[in-house]
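Chemist: Just a sequence and a predicted model for now, questions to come.
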Amino acid sequence: MSSSSTARVSSRVERRTTNDNGSAQPRAPSGQTGGRGERLDPRRMQSPQPSASGTSHKRTASGSQRTNRAVEERRTERVQVTTRETLTTRTRSPDRRPAPSAQPSERQRPAEPSRAYSGDPRPKPGRPETLPQAPWNPEVSLVPHTSAPLASRISIPALASHAPQSLQPKPLHELSLEVQEATILEDLLMVFMGYEGQYVRFAKNYNPAVEKDRLAGPGYKILPGLDPSLQDLTTTMLKMATHYGAVEAFVEVQSREEFGAVNHALCAAIRKLLQDYLIMIAQLETQFLTNPSFTLHVLNLHTLPTSHMMFQLYSLAHEILKRNSMLEEDEDSDDGYDDIENILESLREGGDLGPGNIPGKKICKGGSVLGLITKRLEMMSGDPAARSLLTSLLRDASRPYMIMLNEWLHHGSIKDPHAEFLVREQKSIKRERLEEDYTDEYWERRYTIRDHDVPPQLEGVKDKVLLAGKYLNVVRECGGVDVSKAVADVPRSFDDNRFLDNVNSAYAHANESLLTLLLTTHALPARLRSLKHYFFLDRSDFFSYFLELGTSELRKPVKNVNTSKLQSLLDLVLRQPGSVAAQDPFKEDIKVEMNEVSLTNSLTRVVNISGIEQGEALQAPASQPTNESDKAAVGFTSLQLDYSVPFPVSLVISRKTVWRYQALFRYLLSLRYLEQQLVSCWQTHNRAASWSHKSSNRDVEMWKRRVFTLRARMLVFVQQLLYFCTAEVIEPNWQALMAKLNAKEDSKGGASPVRTVDELMQDHVDFLDTCLKECMLTNSRLLRIHSKLMQTCTFFATYTPWLTRELERMDPDLSGTNRPAQMNRQQWDRFKETQTQKHADSTASNSAGGGLTDEARLEKIEKMFETIQKYEINFSRHLQILLDALNHYAATETVVLLGLCARLSTANQGTQFSGLRADEDGGAQA
């Protein structure tokens with residue numbers, strides 16, 4: 001205000017030189033007021049110039065008035081206006097209104113009218129009696145610092161309505177139209193800057209000390225008595241003052257630290273516009289002081305474009321504040337959710353859960369702000385001024401977001417202190433957890449997308465943005481590619497034409513870098529082939545040798561098995577020259593372990609679990625018996641291999657995929673072990689004299705033939721199933737996976753379309769899932785039927801020694817001491833040698849068996865027929881149920897099961913269950 005005061009002093013000098021033209025009569029009262037004369041001069045400097053024309057100024061347009069009367073009125077008006085100017089310039093501080101000097105000036109000019117009106121406003125005589133009791137002593141103070149660095153620290157000025165009556169201005173209805181216009185003009189210039197005027201004040205329901213009121217914008221009221229012709233125009237222009245106050249408060253609030261870098265950039269852009277706005281107000285004030293033709297209509301015309309701009313800023317700020325729930329009409333957002341994981345992570349890192357730092361508290365920042373600006377830009381596409389303004393704001397607000405985006409795309413790191421980037425990083429998830437976590441949190445949950453905070457410009461490429469950074473992050477942690485170099489010439493804002501090209505090129509580069517790292521540096525194809533040898537028993541001569549060496553240990557109950565001994569045996573076998581494992585560079589990664597849970601129970605639990613990927617708890621079925629069937633588990637049924645891989649190959653060969661490998665390995669091992677047991681039965685039946693010689697008893701011979709037939713059918717069933725799983729399921733799917741992997745290797749040259757690492761990982765998981773499904777390990781019904789068949793075969797093979805003893809007891813040829821006629825000398829000697837090696841109780845039982853009568857022998861034979869018939873019925877019925885189920889699933893889900901149906905049907909030919917229909921199957925199941 002120093003410049004304006006000097007202007008007034010100079011104008012006063014000019015007024016004294018120009019006032020010698022007969023205007024000395026009105027200058028006398030102005031000289032009596034001293035300081036008020038100085039306030040009179042700046043406005044008086046305008047009147048002498050148009051005084052020759054007389055009626056050119058609006059305020060002297062009335063032709064019926066006399067010249068001196070007009071001059072008198074103008075002088076009186078100037079005193080009032082300049083007095084108001086003095087008051088308004090000091091209103092910023094609480095003691096800016098020297099109204100005691102204004103009251104005498106007003107009383108001196110119209111002495112009689114003031115007396116006439118003194119009786120009308122009755123409250124005036126009462127107020128001076130009560131208000132002086134509370135002295136008017138406003139003070140300015142500094143408010144404490146906030147996290148917004150450029151926020152105003154000056155205390156809020158006292159309200160004009162609280163000033164004593166002696167400082168209140170003269171009522172408007174006592175002023176002429178021209179004086180009213182001048183006073184309103186001056187008040188508007190102050191109100192436009194956010195301060196109260198003499199006659200334009202804050203509404204009663206507005207409290208500048210309340211943040212919510214400031215953000216909603218101050219309401220204004222005009223003191224009564226203003227001419228209606230000025231009232232409407234003034235009310236219209238006051239909207240811009242309301243918008244300015246709200247936008248200024250918005251900038252101060254949104255500049256706080258917790259609202260993020262995008263909000264800070266937006267507030268900086270708005271602050272530049274507000275600075276231009278204040279410059280415009282200063283220019284209008286200069287016009288008001290120097291241009292006599294400056295009227296309320298001229299002011300309105302000058303402020304129309306700025307008013308439109310301020311309305312657009314106010315609307316945008318209003319939307320952001322509603323999202324932040326900082327206004328009364330805030331909306332209950334459905335996407336506001338408590339992010340428990342982020343809260344826990346903040347606590348782990350020692351963060352402060354202050355009002356703005358609670359991760360679960362929904363704050364409109366980052367991509368949400370950019371989305372709001374973009375949405376308003378689309379809505380205002382038909383308004384050139386609004387489109388230009390919002391485009392500029394979007395460009396400035398997106399700059400910090402683009403810095404974070406480029407850092408993520410080109411370096412694989414996130415610099416997001418305010419959690420506003422579209423990619424969320426869970427720092428608590430470390431890559432070391434890959435060895436123990438079966439959900440692969442490092443890859444799937446360490447970096448995720450904030451779906452509600454994705455800017456519209458990135459909505460179509462958000463997956464590429466996520467994968468590009470994830471790939472580069474892996475490469476950076478492994479040191480495979482130097483990503484520390486600064487990338488030049490990248491787009492800095494969303495409106496850059498190279499924006500999408502930057503995302504696509506960064507994605508292609510990151511994908512190629514990680515593919516090269518996996519396929520070349522870490523030899524992923526060789527590791528997959530190593531897995532195939534060990535887990536799918538491919539060229540597994542070494543494993544057959546391992547089972548032979550560890551038979552004595554693997555026959556023990558699972559809790560008594562010495563795992564260290566088995567590991568030593570496996571290491572010994574893997575180093576045998578001539579085997580496929582001898583040249584394997586990854587044989588050190590294979591470990592032996594025991595799983596006390598049976599394969600069927602383990603697979604059933606997995607099949608019955610649903611929703612675990614959505615974060616639900618892993619719960620075993622309530623009806624599941626707690627390892628009751630696993631108490632009889634031995635080393636053969638509980639043996640499984642484990643495979644440890646380094647990072648980043650562990651992203652592809654993850655714990656989830658290793659579990660699938662283990663499930664398939666245990667299934668193949670169970671088939672191989674059952675086949676070995678049945679082959680051992682076959683050897684017993686061919687080598688033991690009690691089985692190999694032709695008995696003289698026709699019933700005993702018939703019983704032996706039925707045992708041979710049942711053993712052969714079981715062996716066919718197991719061998720066909722093993723062949724199907726290896727040759728018709730695993731091998732074709734393996735070749736398909738290798739073909740895709742080779743295509744990925746070829747794609748690095750550019751001839752083939754670029755494949756992604758995520759596609760490679762998905763192909764690997766799909767390969768294992770397909771193998772599990774086609775091996776009938778993902779269907780609970782097939783699992784139950786298959787489990788019953790395997791149990792029947794296992795019981796039969798296990799009870800072969802018992803059947804041998806029973807055969808020796810019921811065969812009359814073996815009960816005597818003489819060699820039977822149907823047995824040659826070699827067989828008899830072998831039989832006797834076997835008998836002498838048996839224990840005494842065994843010998844006693846044989847001698848007791850020799851003493852069986854014919855009736856007892858017939859009864860024994862009948863019981864043995866019943867026993868073998870139970871095995872036959874049980875095996876045949878469940879096999880037919882399996883065939884019908886396979887036919888059903890082959891027609892509805894997996895056509896490859898048809899080949900298995902054709903092979904397994906040969907094991908049921910010639911039995912009573914050979915042609916069983918589906919309805920009969922249902923009856924049999926019941």
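Modeler: Received it, and whenever you're ready, just let me know what you need. Numbering: from 1, shown residues only.

Chemist: can we go C-alpha only for contacts and neighbour counts from here?
Modeler: Will do.

Chemist: pLDDT score assigned to the nearest residue to residue 237 once chain neighbours are set aside?
Modeler: Residue nearest to residue 237 in three dimensions, not counting chain neighbours: residue 300, with 6.8 Å by C-alpha to C-alpha, 6 or more residues apart in numbering. On pLDDT, residue 300 comes in at 94.

Chemist: cool, residue 124 as well?
Modeler: 43.

Chemist: residue ranges of the strands in the chain, please?
Modeler: Listed in chain order, the strands of the chain (DSSP state E) span residues 200-202, 220-222, 423-425, 447-449, 590-594, 639-643.

Chemist: Partner strands of the last one, with direction?
Modeler: When pairs are called by DSSP bridges, strand 639-643 turns out to pair with strand 590-594 (antiparallel).

Chemist: and the strand it pairs with, C-alpha only, in PDB?
Modeler: Once non-C-alpha atoms are left out, strand 590-594 reads as follows in PDB (Å, rounded to 0.1, in the frame of the first residue of the first chain):
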ATOM      1  CA  ILE A 590      17.700 -82.800  -5.000                       C
ATOM      2  CA  LYS A 591      16.800 -83.700  -1.400                       C
ATOM      3  CA  VAL A 592      15.000 -86.700   0.100                       C
ATOM      4  CA  GLU A 593      12.200 -86.100   2.600                       C
ATOM      5  CA  MET A 594       9.200 -87.900   4.200                       C
END
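
Chemist: Please enumerate residues in contact with that strand?
Modeler: 558, 563, 566-567, 570, 635, 638-644 (C-alpha atoms under 8 Å, 6 or more residues apart in numbering).

Chemist: would you list the residues you listed in TSV and tack on neighbour count and pLDDT?
Modeler: Formatted as TSV, the contacts of strand 590-594 follow (neighbours: other C-alpha atoms under 10 Å; pLDDT from 0 to 100):
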residue	neighbour count	pLDDT
558	24	88
563	19	91
566	22	93
567	17	92
570	22	91
635	25	85
638	23	89
639	24	91
640	20	91
641	19	92
642	17	92
643	22	91
644	17	88
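
Chemist: Okay, buried residues for the helix ranked longest in the chain please.
Modeler: Longest helix of the chain, by residue count under DSSP state H: helix 854-892. Residues of helix 854-892 classed as buried under the neighbour-count rule (16 or more other C-alpha atoms under 10 Å) are 857, 860-861, 864-865, 868-869, 871-872, 875-890.

Chemist: now stretch 756-765
Modeler: Burial within stretch 756-765, assessed by neighbour count using 16+ other C-alpha under 10 Å, is assigned to 756, 757, 760, 761, 763, 764, 765.

Chemist: Touching, residue 535 and residue 639? I think so.
Modeler: No: using C-alpha atoms under 8 Å, residue 535 is not in contact with residue 639, being 11.7 Å away.

Chemist: Just list the residues touching the nearest residue to residue 230 once chain neighbours are set aside, thanks.
Modeler: Among residues not flanking residue 230 along the chain, residue 181 sits closest, at 7.1 Å (C-alpha to C-alpha, 6+ apart). For residue 181, the contact set (C-alpha under 8 Å, 6+ apart) comprises 230, 295, 296.

Chemist: Selecting buried members of those in PyMOL, what would you type?
Modeler: Applying 16+ other C-alpha under 10 Å to the contacts of residue 181, the buried members can be selected in PyMOL as follows:
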select buried, resi 295+296
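
Chemist: Just the closest of the contacts of residue 181 to residue 468, please.
Modeler: residue 296 (59.4 Å; C-alpha to C-alpha).

Chemist: dump the residue contacts of that closest one.
Modeler: Residue 296 makes contact with 181, 185, 230, 233, 234 under the criterion C-alpha under 8 Å, 6+ apart.

Chemist: one more time with 7 Å, if that's ok
Modeler: Residue 296 makes contacts with 181, 185, as judged by C-alpha atoms under 7 Å, 6 or more residues apart in numbering.
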